[in-house]
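> quick one, what's the 3D model for this:
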Amino acid sequence: MPIKMAPIGEEVEIKRVSADEKVKHHLENLGIVVGQKVVVLSTVGGAVILKVKDGRLALDRQMSSGIFVA
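Got it, this is the predicted structure:
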């Protein structure tokens with residue numbers, strides 16, 4: 001499922017990142033890699049706020065639509 005549809009407050013694992021290489025590399029630098037566990041803190045209009053490791057990360061609608069979790 002896309003990360004924007006993940007339940008709020010539950011830990012999910014990133015299964016696939018679908019984006020061009022430049023965006024994929026940027027997300028990897030932010031800690032968004034396959035196998036990483038994240039917690040969705042908030043979703044508003046497709047934008048997502050995540051807890052990744054010890055930090056928080058906000059993704060816009062376009063970036064969040066290409067991240068799939070389980």
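
> what is the least confident helix or strand in the chain?
helix 61-64 (a mean of 92; mean pLDDT, DSSP states H and E).

> which non-adjacent residue is nearest Arg61?
Gly46 (3.3 Å; CB to CB, 6 or more residues apart in numbering). Bear in mind the C-beta positions are built from the backbone N, C-alpha and C, glycine included.

> which residues in the protein form strands?
Ranges of strands in the chain, per DSSP state E, are 11-17, 37-44, 47-52, 55-59, 67-69.

> turn those strands into CSV, including mean neighbour count.
What follows is the strands of the chain, written out as CSV (neighbours: other CB atoms under 10 Å):
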stretch, mean neighbour count
strand 11-17, 15
strand 37-44, 16
strand 47-52, 19
strand 55-59, 14
strand 67-69, 21
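
> is it possible to get a markdown table of those strands that adds distance to Leu27 and mean pLDDT?
Converted to a markdown table, the strands of the chain look like this (distance: least, CB to CB, whole Å; pLDDT from 0 to 100):
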| stretch | distance to Leu27 | mean pLDDT |
| --- | --- | --- |
| strand 11-17 | 6 | 98 |
| strand 37-44 | 11 | 97 |
| strand 47-52 | 10 | 96 |
| strand 55-59 | 8 | 96 |
| strand 67-69 | 8 | 97 |
